[in-house]
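Asks: sequence below, structure please.
(2 chains)
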Amino acid sequence: MNPAPDLNIEYVANLARLALTDAEKAKFSEQLGNILHYVEKLKQVDVTGVEPMAHATTIPVVNVWAADVAATAPSPEKALQNALLNAPAQRDNMISIPKVME
Amino acid sequence: MSTELIFKSVAELAGMLDSRKISSVELVQTFAARTHAVDGRVKAFNSRDEAGALDAARASDERRAKNQATGPLDGIPVGFKDVIAVEGQPLTCSSKMLANYISPYDATVTEKLKAAGAIPWGRLNMDEFAMGSSTENSAFGVTCNPWDLSRVPGGSSGGSAAAVAAGEAPVSLGSDTGGSIRQPAALCGIVGLKPTYGLVSRYGLAAFASSLDQIGTFAHSVEDAAVMLAAIAGHDSRDSTSFETEIPDYRAELGKRKGSWRLGVPKEFFGDGLDPEIAASVRQAIEFYRGAGCEIREVSMPFTSEYAIAAYYIIATAECSSNLARYDGVRYGHRSKEATNAIDLYFKSRAEGFGQEVKRRIILGTYVLSSGYYDAYYIRAQKVRSLIRDEFMRVFQDCDALLSPTTPTAAFKIGEKSADPLSMYLSDIYTIGVNLAGLPGISIPCGFTAGKLPIGLQLIGQPFREADLLAIAHRYEQAHDWHKRHPDL
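Replies: Numbering: from 1, shown residues only, chains lettered A, B, ... in the order given. Predicted structure coming up:
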């Protein structure tokens, strides 16, 4: 329908660390082409001198500092248990992953 | 089964608990029985810890027996969208990625609700990682609209809306990034409140788009939404975007604020694409306010209506691609069994764990943030966002709140839009600007189509003026009985 000439799906999928099937690449290219075609309308807007808005706060909140003190922590045992609670694989109280070096 | 009990307001249920007409244990048992009876068809829940809920109910009954009840939510079951952490319970985001995840801690809203005596009641279905407008993007199946089981409940908080509409929970929590509370509330015929950005802590809410996400509530009435908001609002040092502001007793304020409100009606929100039945119901609601002594002002918001969706889908996907980078198969979440090295682990775990809409948005968000496109898409969208906020603040110089439809159409058929992402995105046209500007919004029932599908009226308020917004919504609700109608299941 509206292929996006600039969207190199393989390149972007690599940046996103996302393995896509050939069918997904074809489908997403077309669907994202339509969406990118739709958002082209933003180019009509004169944004000269406009500040980009990074947050929804209507009252600006910047540089929120917290006191540099440890929060009330659970016991070391509980903290360890929490950290490993959802680990897909673990060994000796550490999260294990496949080999990094070949 | 007592359908009277399951559709009672929180205020009424609290009164029955206080006068010992019913115990919290009986209340949980009642909602459990209702859920067992109807959820096979509605499919609002991902999971429930009924034993845990009964334990909490027993503790609540003991507090009440000692006259130590903590307020109107003590002993009341509250449904949780499956994106908000409750310690020891699953948190799946309706994704295969988090299918086995257990929350190690409570979200701030969970802490607050538990402190108020409320009982976490189940994990409610949603679009995967809150990305969608129909709950069809869930990895665990589609939730059905209780008014017509062949239709969607809306999304992304579809399970939270359907559970309340079907009488499976008296109130529930959802999250709203582009309309994900207001739109399903409208499609399911209940009240849905999205607070001002920063009023409710996001700590313990799994992030989708952090500059837009906000936790809010579903209820049968504006009064119940006010009770819930008072319980969950307030500053939290664990969310750096949380705002320090005084939290009024929203429920007590409902009756006190009776001003002759100035209500704006953005004319562009009644243009092409709005179903005539929806337009007629919303216009009747506007006439009600006029008759009640409010000043109705037609306002123009050409910028928001033209550009909000385009800006939103750049900003939201950019933030999602960044937030969801954490799901890498290493520390938690799905890990591919096929990976042979660490980099391969990322690619394959993410490919296997994420569904189609999430992948689509990660790709789009990565693209608009990538070198060469960042300024053209992302920064430009943020500038347009500033202009959208400015447009809202300009109309608020002369208006206390805005009135509009919540959605352009009533609930659509399951499958109707799932093949065309852009047409799905356009269904959020009236709600999305509110998130970009960080404003509070509420959807309340204002009628039914000829096909007996609910219609929602959206009220948009000024920042941190939820007390006014709720009072304005309450005035309509007091004079109508749409919110007292329930689906026949």
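Asks: got phi/psi on whatever residue of chain B ends up closest to chain A?
Replies: Nearest residue of chain B to chain A: residue B:438, at 3.0 Å (Cβ to the nearest Cβ). Glycine gets a C-beta too; all of them are placed from N, C-alpha and C. Per-residue torsions, residue B:438: phi 80, psi 20 (degrees, to the nearest 10).
Asks: nearest residue to it in space, please, no chain neighbours.
Replies: Distances taken as Cβ to Cβ, 6 or more residues apart in numbering or on different chains put residue A:56 closest to residue B:438, at 3.0 Å, once the chain neighbours are dropped.
Asks: ok, now how distant is residue B:257 from residue B:85?
Replies: Between residue B:257 and residue B:85 the computed distance is 34 Å (Cβ to Cβ, to the nearest Å).
Asks: higher neighbour count, those two?
Replies: Each of residue B:257 and residue B:85 has its neighbours counted (other Cβ atoms under 10 Å in any protein chain shown); residue B:85 has more, 23 against 18.
Asks: go through the worst-scoring helix or strand of chain A on mean pLDDT and flag the buried ones.
Replies: The weakest-scoring helix or strand in chain A, judged by mean pLDDT, DSSP states H and E, is helix A:76-84 (a mean of 90). For helix A:76-84, burial by neighbour count (16 or more other Cβ atoms under 10 Å in any protein chain shown) applies to A:82-83.
Asks: do it and chain B meet?
Replies: Yes. Using Cβ under 8 Å from any Cβ of the partner chain, a contact is recorded between helix A:76-84 and chain B, made by A:82-83.
Asks: let me see the mean pLDDT of the lengthiest helix in chain B.
Replies: Longest helix in chain B by number of residues, with DSSP state H as the criterion: helix B:302-323. Helix B:302-323 carries an average pLDDT of 96.
Asks: and that helix, what does it pack onto?
Replies: Where contact means 3 or more Cβ pairs under 8 Å, 6 or more residues apart in numbering or on different chains; DSSP states H and E, helix B:302-323 is packed against helix A:22-39, helix B:356-369, helix B:380-395, helix B:421-426, helix B:432-437.
Asks: immediately after the last one, which helix or strand?
Replies: Following helix B:432-437 in sequence order, the next helix or strand is strand B:441-448 (DSSP states H and E).
Asks: what is that next one packed up against?
Replies: helix B:182-188, strand B:191-194, helix B:222-232, helix B:276-291, strand B:454-461, helix B:466-478.
Asks: could you export the ones you listed as CSV, including mean pLDDT?
Replies: As requested, those are exported to CSV (pLDDT from 0 to 100):
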stretch, mean pLDDT
helix B:182-188, 98
strand B:191-194, 98
helix B:222-232, 98
helix B:276-291, 97
strand B:454-461, 98
helix B:466-478, 97
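Asks: name the stretch among these that sits most buried.
Replies: Among the helices and strands packed on strand B:441-448, the stretch with the highest mean neighbour count (mean count of other Cβ atoms under 10 Å in any protein chain shown) is helix B:182-188, at a mean of 35.
Asks: kindly export it (C-alpha atoms) in CSV.
Replies: The C-alpha trace of helix B:182-188 is given here as CSV (Å, rounded to 0.1, in the frame of the first residue of the first chain):
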residue,chain,number,x,y,z
ARG,B,182,-11.8,5.9,29.4
GLN,B,183,-12.3,3.9,26.1
PRO,B,184,-13.1,0.5,27.7
ALA,B,185,-15.2,2.3,30.4
ALA,B,186,-17.3,3.8,27.6
LEU,B,187,-17.6,0.6,25.6
CYS,B,188,-18.6,-1.4,28.8
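Asks: and that helix with chain A, contact?
Replies: No. Helix B:182-188 does not reach chain A (Cβ under 8 Å from any Cβ); its nearest approach is 15.5 Å.
Asks: hmm, back to that, got a list of contacts for the least confident helix or strand of chain A?
Replies: Helix A:76-84 is contacted from outside by A:73-74, A:90, A:93, A:95, B:104-105, using Cβ atoms under 8 Å, 6 or more residues apart in numbering or on different chains.
Asks: of those, which belong to strands?
Replies: Among those, the members falling in strands are A:90, A:95 (criterion: DSSP state E).
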